[in-house]
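Engineer: Build me a model:
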Amino acid sequence: MRKISLLTIFLLLVCVSQAQEYRAKNGMPGPGYWQNKPSYNIKADFNTQDGVITASESVTYTNNSPQTLTEIVFNLYENYKEQSPFEIRSIRQGKKPVPEFKIEGTKMTAKLKKPLASGASVTLNIDYTFRFLQSNSSHNRSGKYEGSYFVGYWYPQIAVYDDNGWDMVNHTGTEEFYYELADYDVDIKTHDNYYVYASVPTADGTIPDYKANADNNWHFVANGFFDFSFAASKDMKVTKDVVPSASGEVQLVIMSRDGNFIKDTREPAKSFIRGIQPIFSKIAFPYKQIVLFDNGRQSGGMEFPGMVNLGIRWMDDESSQFVVCHELAHQYAPFVAGFNQAREGFMDEGFAMLLPYLVKGRDVIHSKSNYVDFCYMEMMGPTGELDESVNYTEGVVFTPSYSFASSRDYNSISYHKSFLALYMMREVLGADKFGNMINDFFAAWAGKHPKAEDFLNAVRTAYGDNLDWFINPWYYQPKRPDLSIAECGQKDGKYFVKVRNDNGIPVPVKLIVGNKFKEDDCGFRFCNDKHFYFTPEVWKSGDEFFTIEFDELEFPFFVRLGCDEIPDQTYNSLLEFKSEEDFGPIVEKK
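Structural biologist: Coordinates of the predicted model:
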């Protein structure tokens, strides 16, 4: 027998380990990455008068994982409501019922007749009814709106099975969702001359118009989608535009109730679709068709693959336009990179807040002065102080989405603090390196399931050095930005200002020193001024203080710390020095 050295065995084990690596240490999918695949065939009869969908679903599920599965888990997301809209009449495997199925909350588990081996497939057939329930809430993500429908979460959808096993988070109504990439073949029959628009154009290219489809049968094929939704109406006005893209034209469909909705959505949507493409140059715009649906309420927006349900009635123009951009940004997160919104909603929401800024700049919400300052104040709350009595306000970004006590808590951290963390990350890496990094990351994870830690590993790789000094306080610790001037003085013939980082969260330092200041509607103005700007890396060592030196200025002069593009609790700090005697050792101390 030939002897095998210990070194050879070690190298073989290393090779096997690398081949089985699901998530690489550089933040990208590992060589052993796998993903299970559902394929849906749904035939639905939609009684639009009563708001009832009667359907049969045949779903073939391919197990690409290395594990053997004994059951299949489905999401019935709308079951979080007091009255369940789903009635599951039967689940069959072949011609016979599955041995057992049970519904607990928003999860339905079907036991298989025999285990599903790695590489094998199984087909389940489900007969069910879905009813639209009456609700006075203005924040429903889908529903019936004045005779028209936006239809989401309307079919039993197989849950994600990933390297953590089945996703068993029950939906509560506050957090959002976790989808598996799938293929869809959907037939919808409507009544009363309702036409249908969906996440894709009709399979035969028919223009959705009841006059062109007398029998009201609508057929859609959507391959490689994270979800399938549709809108049904018989009287909403439909406007279409074509937006050029690098991969071909994108059809923008607007289903509106009046001209105001068209005015508020048409140009912002076209501008965003054009503007986002250079940012993600390695990714084609995800969908050939985008449908914007006017639900006539003031409920914000909700993203679906290739569709947006918008409630922007009575919003001011700038706010409504921002909502449009925010929801279109979701077409990339989570509908390119399939983040787990149910657990790590701060990832897709952070990007949906960042991407409009990257496309439109600091004036993305004009009336809010500066977008960064606006997000900081939204994070802090109306009083400017975090509510320490509520658990979320420990301020930890890595808080599971489903554990927030309210939507206000969820928005404060998952939207606004997450955006600020990404914005500051861009300051650390530099705009070009950050842009290249997110381009590569989204391209590598397109149609897959990245975790937040994958993204942070990609950031660490791009930075090329230890980044814990930044990531830990921004993502894992109860920190909020707060700089102050701790000391001013003279040393070795120079003046200096010592800045203190009161909470230890790294942000840039900007200092302006100048003469003859005046204040007007636009803020502070200086002459003979010196500007100092330092990236968050000045806090890399963990020091509490950072000192800035400058040459003598003519008295009186003024010192201002911060600006509205740097998140800071007291950024507008302005000090006046009338004479050299005023320039004492401790001028301001919090």
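Engineer: what's the following helix or strand after the worst-scoring helix or strand of the chain on mean pLDDT?
Structural biologist: Least confident helix or strand of the chain, by mean pLDDT, DSSP states H and E, is helix 6-19 with a mean of 46. Once helix 6-19 ends, the next helix or strand along the chain (criterion: DSSP states H and E) is strand 37-47.
Engineer: Please list the outside residues in contact with that following strand.
Structural biologist: Strand 37-47 has contacts (Cβ atoms under 8 Å, 6 or more residues apart in numbering) with 52-62, 64, 149, 151, 155, 158, 180-191, 194, 228, 232. Where you see a C-beta, it was placed from the backbone N, CA and C, and this is true even at glycine.
Engineer: Can you give me the buried ones in it?
Structural biologist: Lys37, Pro38, Ser39, Tyr40, Asn41, Ile42, Ala44, Phe46 (16 or more other Cβ atoms under 10 Å).
Engineer: Pick out the most distant pair among these.
Structural biologist: Greatest spatial distance among the buried residues of strand 37-47 (Cβ to Cβ): Lys37 and Phe46, at 27.1 Å.
Engineer: So for the nearest residue to Gln289 once chain neighbours are set aside, what pLDDT did the model give?
Structural biologist: Here the nearest residue to Gln289 in space, its sequence neighbours aside, is Gln251; by Cβ to Cβ, 6 or more residues apart in numbering that works out to 4.6 Å. Looking at Gln251, its pLDDT is 92.
Engineer: what lines up beside the strand or helix carrying Gln251 in the sheet?
Structural biologist: Per DSSP H and E, Gln251 falls inside strand 250-256. If you go by DSSP bridges, strand 250-256 pairs up with strand 237-243 (antiparallel), strand 289-294 (parallel).
Engineer: continuing past the lengthiest helix in the chain, what's the next helix or strand?
Structural biologist: Taking DSSP state H as the criterion, the chain has its longest helix at helix 341-360. Using DSSP H and E, the helix or strand that follows helix 341-360 in sequence is helix 371-380.
Engineer: can you tell me the average pLDDT over that next one?
Structural biologist: Helix 371-380 comes out at a mean pLDDT of 82.
Engineer: In the stretch 51-200 of the chain, mark out all the strands, start to finish.
Structural biologist: For the stretch 51-200 of the chain, the strands defined by DSSP state E, counting those that start in this stretch cover 52-62, 69-75, 86-93, 96-97, 100-104, 107-116, 121-131, 143-145, 148-151, 157-158, 161-162, 165-166, 182-189, 195-198.
Engineer: meant to ask about the stretch 301-450 of the chain, not that
Structural biologist: Using DSSP E, counting those that start in this stretch, strands in the stretch 301-450 of the chain cover 307-311.
Engineer: Can you give me the domain boundaries for the chain?
Structural biologist: Annotated domains of the chain cover 1-33, 35-235, 237-318, 366-476, 483-582 [automatic domain parsing].
Engineer: Please convert those to JSON lines, extending it with distance to Asn340.
Structural biologist: Shown next, in JSON lines, are those (distance: least, Cβ to Cβ, whole Å):
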{"stretch": "domain 1-33", "distance to Asn340": "13"}
{"stretch": "domain 35-235", "distance to Asn340": "5"}
{"stretch": "domain 237-318", "distance to Asn340": "15"}
{"stretch": "domain 366-476", "distance to Asn340": "7"}
{"stretch": "domain 483-582", "distance to Asn340": "25"}
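Engineer: Tell me which of these approaches Met347 most closely.
Structural biologist: domain 366-476 (5.2 Å).
Engineer: how distant is that closest one from the center of its chain?
Structural biologist: Chain-centre distance of domain 366-476: 10 Å, with Cα atoms, centre = their mean, to the nearest Å.
Engineer: Kindly report the same for stretch 496-506.
Structural biologist: The answer for stretch 496-506 is 31 Å, by Cα atoms, centre = their mean.
Engineer: ok so, going back, restricted to buried residues, select the contacts of strand 37-47 in ChimeraX.
Structural biologist: Those of the contacts of strand 37-47 that count as buried under 16+ other Cβ under 10 Å are selected in ChimeraX with:
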select :53,54,55,56,57,59,61,149,151,155,158,180,181,182,183,184,185,186,187,188,189,190,194,228,232
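Engineer: buried set for stretch 320-338?
Structural biologist: For stretch 320-338, by 16+ other Cβ under 10 Å, it's 320-338.
Engineer: Quick one: closest of the strands paired with strand 250-256 to Gln93.
Structural biologist: Taking Cβ to Cβ, strand 289-294 is the member of the strands paired with strand 250-256 nearest to Gln93, at 34.9 Å.
Engineer: Geometrically speaking, which residue is the centre of the chain?
Structural biologist: Asp348 (1.8 Å; Cα atoms, centre = their mean).
Engineer: The longest helix of the chain - contacts with which helices or strands?
Structural biologist: For helix 341-360, the packing partners by 3 or more Cβ pairs under 8 Å, 6 or more residues apart in numbering; DSSP states H and E come out as helix 259-276, helix 317-329, helix 418-429, helix 452-463.
Engineer: Let's see that with 6 Å instead.
Structural biologist: Helix 341-360 sits against helix 259-276, helix 317-329, helix 418-429, with contacts defined as 3 or more Cβ pairs under 6 Å, 6 or more residues apart in numbering; DSSP states H and E.
Engineer: In contact with the residue nearest to the centre of the chain: list those residues for me.
Structural biologist: Counting by Cβ atoms under 6 Å, 6 or more residues apart in numbering, Asp348 touches Ala333, Pro334, Phe339, Gln341.
Engineer: tell me which of those residues is nearest to Lys107?
Structural biologist: Of those, the one sitting nearest to Lys107 (Cβ to Cβ) turns out to be Gln341, at 16.1 Å.
Engineer: nearest spatial neighbour of that closest one, skipping sequence neighbours?
Structural biologist: Nearest to Gln341 is Glu176, by Cβ to Cβ, 6+ apart, at 3.7 Å.
Engineer: neighbours around Lys234, how many?
Structural biologist: 15 (other Cβ atoms under 10 Å).
Engineer: With Glu580 instead?
Structural biologist: Neighbour tally, Glu580, other Cβ under 10 Å: 11.
Engineer: Please apply the same query to Lys451.
Structural biologist: So Lys451, with other Cβ under 10 Å, has 19 neighbours.
Engineer: Could you check the pLDDT of it?
Structural biologist: pLDDT at Lys451 comes out at 98.
Engineer: ok, now how distant is it from Asp162?
Structural biologist: 9 Å (Cβ to Cβ, to the nearest Å).
Engineer: What's the separation between the closest residue to Asp127 other than its chain neighbours and Ile126?
Structural biologist: Excluding the flanking residues, the one nearest Asp127 by Cβ to Cβ, 6+ apart is Arg89, at 4.4 Å. Separation of Arg89 from Ile126 (Cβ to Cβ): 8 Å.
Engineer: And Leu561, by the same measure?
Structural biologist: 62 Å.
Engineer: And for Phe228?
Structural biologist: 15 Å.
Engineer: out of the helices and strands packed on helix 341-360, which comes closest to Ser84?
Structural biologist: Closest among the helices and strands packed on helix 341-360, using Cβ to Cβ: helix 317-329, at 27.7 Å.
Engineer: other SSEs contacting that closest one?
Structural biologist: helix 259-276, strand 300-304, helix 341-360.
Engineer: Identify whichever of those lies nearest to Val497.
Structural biologist: Per Cβ to Cβ, nearest to Val497 of the helices and strands packed on helix 317-329: helix 341-360, 29.7 Å.
Engineer: Extract the C-alpha trace of the closest one and format it as PDB.
Structural biologist: C-alpha atoms of helix 341-360 as PDB (Å, rounded to 0.1, in the frame of the first residue of the first chain):
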ATOM      1  CA  GLN A 341     -35.700  41.600   5.000                       C
ATOM      2  CA  ALA A 342     -37.300  39.600   7.800                       C
ATOM      3  CA  ARG A 343     -34.100  39.400   9.800                       C
ATOM      4  CA  GLU A 344     -31.800  42.100   8.300                       C
ATOM      5  CA  GLY A 345     -34.100  44.700   6.900                       C
ATOM      6  CA  PHE A 346     -31.400  47.300   7.600                       C
ATOM      7  CA  MET A 347     -29.500  46.100   4.600                       C
ATOM      8  CA  ASP A 348     -32.100  46.600   1.900                       C
ATOM      9  CA  GLU A 349     -33.600  49.700   3.600                       C
ATOM     10  CA  GLY A 350     -30.200  51.200   4.000                       C
ATOM     11  CA  PHE A 351     -29.500  50.800   0.300                       C
ATOM     12  CA  ALA A 352     -32.900  52.100  -0.600                       C
ATOM     13  CA  MET A 353     -32.100  55.200   1.300                       C
ATOM     14  CA  LEU A 354     -28.600  55.500  -0.100                       C
ATOM     15  CA  LEU A 355     -29.200  54.900  -3.800                       C
ATOM     16  CA  PRO A 356     -31.500  57.900  -4.300                       C
ATOM     17  CA  TYR A 357     -28.800  60.000  -2.700                       C
ATOM     18  CA  LEU A 358     -26.100  58.600  -5.100                       C
ATOM     19  CA  VAL A 359     -28.400  59.300  -8.000                       C
ATOM     20  CA  LYS A 360     -29.800  62.700  -7.100                       C
END
